[in-house]
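**Q** How does the following fold in three dimensions:
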Amino acid sequence: MIITVPTSPNYASVNFRLARNIAASRSVFTNKQRTQEYDACYWTAQVTLPPMTRTDALEWTTFLTRLQGVKNTFLFGDPSHTTNLGTYNDDHLATENRVNDTSETLSFTASTSTITAGTSIFTNTFVGDFIVVSGANNDDNNGTFKVTTKTSATAVVVDRTLVDESSTADCKVRQNVKGATGLSLTRVGSGAGTIKKGDYLAILDAAATTGDPVQYVMVVEDATASGTDYGVRIEPKLRADITAGHYVKFASPKGQFRLTSNEVSWSVDRASVYGLSFMVTEVING
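**A** Residues are numbered from 1 along each chain as shown. A predicted model of the protein is given here:
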């Protein structure tokens with residue numbers, strides 16, 4: 001159950017954090033370091049409310065009690081950025097898979113950072129769009145790439161260093177999949193305008209405005225628009241594949257959170273002034 005959060009009084013302070021699970025090892029002989037990032041990447045926050053009278057405090061104490069510890073959830077986001085800086089003028093965008101090839105022969109050219117496909121899979125991509133490659137023999141040729149030049153429907157130049165590799169079969173070139181750090185979006189209705197660095201987005205679980213958020217992400221560079229479509233670099237990476245057409249909330253986006261602990265508490269002084277704070281963690285489903 002998603003419990004409605006009280007709107008008054010507003011937070012006195014919120015310490016908003018992005019937690020990552022990255023292992024690191026260092027050679028005792030060369031001092032070289034290797035890192036490995038795991039799937040666990042999520043938002044947490046320490047919330048502190050201002051001193052409250054009993055009437056105001058009742059709204060918050062009953063809310064916390066209704067959460068039943070970590071059982072129920074609520075919608076929450078960075079309170080310092082409830083209104084995005086971008087000018088996009090609709091509440092939502094939608095995911096769009098402009099390339100979704102699950103069996104393609106690819107070649108990679110290091111000197112020009114070019115990815116060449118055996119067929120015309122890049123017909124609908126544009127400069128500034130994001131693609132996710134997997135199945136290459138060299139790890140440097142896998143991952144999320146931003147298209148910097150579209151040479152043709154079969155070849156694109158990307159923003160990362162590649163390793164020379166020729167005619168590798170059964171590669172995948174997709175968008176909006178697990179591990180991606182770029183979103184491929186299109187407008188909803190007559191929506192238009194910019195999506196700016198620092199804006200937040202909430203990825204929903206359905207092709208409808210009534211969907212529940214499954215991930216809360218930050219835009220980390222100004223998005224590229226091409227007609228009605230957008231290429232958006234995000235952090236953290238996607239935790240799961242997104243079905244094409246699922247909505248992404250732009251206006252006042254919030255993620256789905258739950259309490260970090262099953263225990264809630266508050267303090268009351270002699271003047272019946274309440275003090276209250278709590279920790280929250282983004283919900284990871286599946």
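**Q** Can you give me the neighbour number for F63?
**A** F63 has 16 neighbours, counted by other CB atoms under 10 Å. All C-beta spots, glycine's among them, are computed from the backbone N, C-alpha and C.
**Q** Ramachandran coordinates for N15?
**A** The phi and psi values for N15, taken as degrees, to the nearest 10, are phi -100, psi 100.
**Q** From the opening residue of stretch 19-38 to its closing one, how far?
**A** Counting by CA to CA, to the nearest Å, you get 11 Å between the two ends of stretch 19-38.
**Q** and it, average pLDDT?
**A** Averaged over stretch 19-38, pLDDT sits at 88.
**Q** Looking at the chain, which strand is longest?
**A** Ranked by residue count, the top strand of the chain under DSSP state E comes out as strand 33-48.
**Q** May I have the predicted confidence score for the residue nearest to the spatial centre of the chain?
**A** Nearest to the geometric centre of the chain sits V217, at 2.9 Å (CA atoms, centre = their mean). Predicted confidence (pLDDT) for V217: 97.
**Q** Could you report the neighbour count for the nearest residue to it once chain neighbours are set aside?
**A** Leaving aside its chain neighbours, V217 sits nearest to I234 (4.3 Å; criterion: CB to CB, 6 or more residues apart in numbering). Residue neighbour count, defined by other CB under 10 Å, stands at 23 for I234.
**Q** How about S27?
**A** 9.
**Q** what number of residues lie near the residue nearest to it when sequence neighbours are not counted?
**A** Closest residue to S27 apart from its sequence neighbours, by CB to CB, 6+ apart: Q33 at 7.7 Å. Neighbours of Q33 under the rule other CB under 10 Å: 9.
**Q** Please apply the same query to K249.
**A** With other CB under 10 Å as criterion, K249 counts 21.
**Q** And the residue nearest to S27, how close does it get to L18?
**A** The gap separating Q33 from L18 is 21 Å, by CB to CB, to the nearest Å.
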